[in-house]
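Chemist: After the sequence you'll find the predicted model.
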Amino acid sequence: MKSKQIRKILNTTIVFLSFLHIVNTNAQKKIEKSDIENAMVKAMEWQEAHPIFALAPTDWTNGAYYIGVTRAHQATDNPIFLAALKTMGYTNDWKPLYRTHHADDVAISYAYLYANSTRKNLVDLSPTKEFLDIHLYEPNAWKDGTDKHAEKKILWWWCDALFMAPPVITLYAKQTGEQKYLDAMHKYYKETYDKLFDHEEQLFARDTRYQWGVNKKDLKEPNGKKIFWARGNGWVLGGLALILSDMPEDYEHRDFYVNLYKKMAARIKGLQQEDGLWRTSLLSPESFNHGEVSASGFYTFALAWGINNGLLNKAEYTPAVTKAWQALAACQHENGMVGWVQDIGADPQPASADSWQNYGTGAFLLAGSEILKLK
């Protein structure tokens, strides 16, 4: 490792240690629900005033952000969250993005579907239906295994996709009553699981490039361990909580999702660091020894959801999620901005107090929405 890289890591660690002092100072404070909602409102207001996206206002980054806004409204019934959803939907004509083969580009439709549940005939769902019909039922190079890239041989070839499309499809099936969408979702979800889930580590590889024994040269962390990206697994675990929220209790494949959720929840809890957050590299936390908010937010949301819905033991998991929320709250700036968010990527990279992204705000809102429900 070059000396400049070492100095950068050391400087980032020093900054984070200062942040830890704040977390530890606040650790004994009782979590007040009014403080949580206020923090969520401030986060959304700041994000609305600082729009950002990778491709377009309907891309996956905004999709993940507005999923957080939907759950914030669901948890608080605060009209400010619903107003943001409606404004966004009307501005975008209730349309997903344009790559109908790509799971990322329908993530925004989760917010449309939620808005649709708040008032009859509010939302035009025809663009979402058109996208899903093409995405699930028409051929493309990924589905057919004809793409020139070795890793792109299934529809959802990267683990992030399990957050982007499956919750949308599950909610769409719930609202329309058409189980064929749920069955199609399960087909492609299982395909990704079979390809990317590491049974030894109980975690998902980001894609086949990060699997051992698949490539000519196995990618590994400096400590020799496999590379498991925190946010990638955050996408999966957070997505499972969303899927199970809307999947019928009697759906024939529900147990698969419940069991996968429980396995991952136990593994993720065991990887939480002392300060309450998770590191960008799950098996090599020393690589970037500071917390990362997008992954930590998704984990906090998913674990708290499991407690609230009776899938996880309350006594065992509540200390982990309350500690995580306190650490997440300490990452929020006074102006509402949520920092310590890793930039767009596909593997572990550093973050800083001033690094932010809209999906980090979404993860923060998701976490707060379930922490509010803890009893």
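Modeler: Received it, and whenever you're ready, just let me know what you need. Please read these numbers as outputs of a predicted model, since none were measured by experiment. Numbering: from 1, shown residues only.
Chemist: alpha carbons only for contacts and neighbour counts from here, please
Modeler: Fine.
Chemist: Enumerate every residue touching residue 265.
Modeler: 237, 302, 303 (Cα atoms under 8 Å, 6 or more residues apart in numbering).
Chemist: any chance of these in CSV, plus secondary structure, distance to residue 331 and pLDDT?
Modeler: Below are the contacts of residue 265 laid out as CSV (DSSP: H, G, I helix; E, B strand; the rest coil; distance: Cα to Cα, whole Å; pLDDT from 0 to 100):
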residue, secondary structure, distance to residue 331, pLDDT
237, helix, 22, 99
302, helix, 19, 99
303, helix, 19, 99
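Chemist: hang on, isn't residue 292 packed against residue 282?
Modeler: No. Using Cα atoms under 8 Å as the test, residue 292 is too far from residue 282 to be in contact (10.9 Å).
Chemist: Those two - which one has more neighbours?
Modeler: Taking neighbours as other Cα atoms under 10 Å, residue 292 and residue 282 compare with residue 292 leading, 29 against 23.
Chemist: For that one, grab phi and psi.
Modeler: Per-residue torsions, residue 292: phi -130, psi 130 (degrees, to the nearest 10).
Chemist: Against residue 343, how distant is it?
Modeler: Per Cα to Cα, to the nearest Å, residue 292 is found 10 Å from residue 343.
Chemist: Kindly report the same for residue 206.
Modeler: In terms of Cα to Cα, residue 206 sits 16 Å off from residue 343.
Chemist: quick one, which of the two is more surrounded?
Modeler: Ranked by neighbour count (other Cα under 10 Å), residue 206 and residue 343 place residue 206 first, with 25 against 17.
Chemist: now the more buried one, what's its secondary structure?
Modeler: coil (DSSP: H, G, I helix; E, B strand; the rest coil).
Chemist: Would you reformat the contacts of residue 265 as CSV and include distance to residue 339 and neighbour count?
Modeler: Compiled in CSV, the contacts of residue 265 are given as follows (distance: Cα to Cα, whole Å; neighbours: other Cα atoms under 10 Å):
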residue, distance to residue 339, neighbour count
237, 22, 29
302, 20, 27
303, 21, 32
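Chemist: Show the subsequent helix or strand relative to the helix or strand containing residue 316.
Modeler: Element membership of residue 316, judged by DSSP states H and E, is helix 314-330. Past helix 314-330, heading to the C-terminal end, the next element that is a helix or strand (DSSP H and E) is helix 358-371.
Chemist: So for that next one, mean pLDDT?
Modeler: Mean pLDDT, computed over helix 358-371, is 98.
Chemist: Any idea how many residues pack against residue 319?
Modeler: The burial count for residue 319: 11, using other Cα under 10 Å.
Chemist: how much space between it and residue 250?
Modeler: 31 Å.
Chemist: just residue 317 next, same as before
Modeler: 26 Å.
Chemist: Looking at those two, which is more packed in?
Modeler: Set residue 317 next to residue 250 and count neighbours by other Cα under 10 Å: residue 317 wins out with 17 against 8.
Chemist: And the helices in the stretch 1-150 of the chain?
Modeler: 3-26, 33-49, 60-76, 79-91, 109-118, 126-137, 141-144 (DSSP state H, counting those that start in this stretch).
Chemist: Which of these sits closest to residue 353?
Modeler: helix 3-26 (7.9 Å; Cα to Cα).
Chemist: next one: phi and psi at residue 150?
Modeler: Torsion angles, degrees, to the nearest 10, at residue 150: phi -60, psi -30.
Chemist: circling back to that earlier point, format the helices of the stretch 1-150 of the chain as JSON lines; extra columns: distance to residue 224, mean neighbour count and mean pLDDT.
Modeler: Shown next, in JSON lines, are those (distance: least, Cα to Cα, whole Å; neighbours: other Cα atoms under 10 Å; pLDDT from 0 to 100):
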{"stretch": "helix 3-26", "distance to residue 224": "18", "mean neighbour count": "14", "mean pLDDT": "54"}
{"stretch": "helix 33-49", "distance to residue 224": "38", "mean neighbour count": "18", "mean pLDDT": "97"}
{"stretch": "helix 60-76", "distance to residue 224": "32", "mean neighbour count": "24", "mean pLDDT": "98"}
{"stretch": "helix 79-91", "distance to residue 224": "45", "mean neighbour count": "17", "mean pLDDT": "98"}
{"stretch": "helix 109-118", "distance to residue 224": "39", "mean neighbour count": "22", "mean pLDDT": "98"}
{"stretch": "helix 126-137", "distance to residue 224": "38", "mean neighbour count": "16", "mean pLDDT": "98"}
{"stretch": "helix 141-144", "distance to residue 224": "32", "mean neighbour count": "16", "mean pLDDT": "96"}
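Chemist: In TSV: the ones you listed, plus distance to residue 332.
Modeler: Converted to TSV, those look like this (distance: least, Cα to Cα, whole Å):
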stretch	distance to residue 332
helix 3-26	11
helix 33-49	8
helix 60-76	16
helix 79-91	18
helix 109-118	24
helix 126-137	34
helix 141-144	39
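Chemist: Quick one, which of the ones you listed gets closest to residue 298.
Modeler: Here helix 60-76 is closest among these (Cα to Cα), at 9.8 Å.
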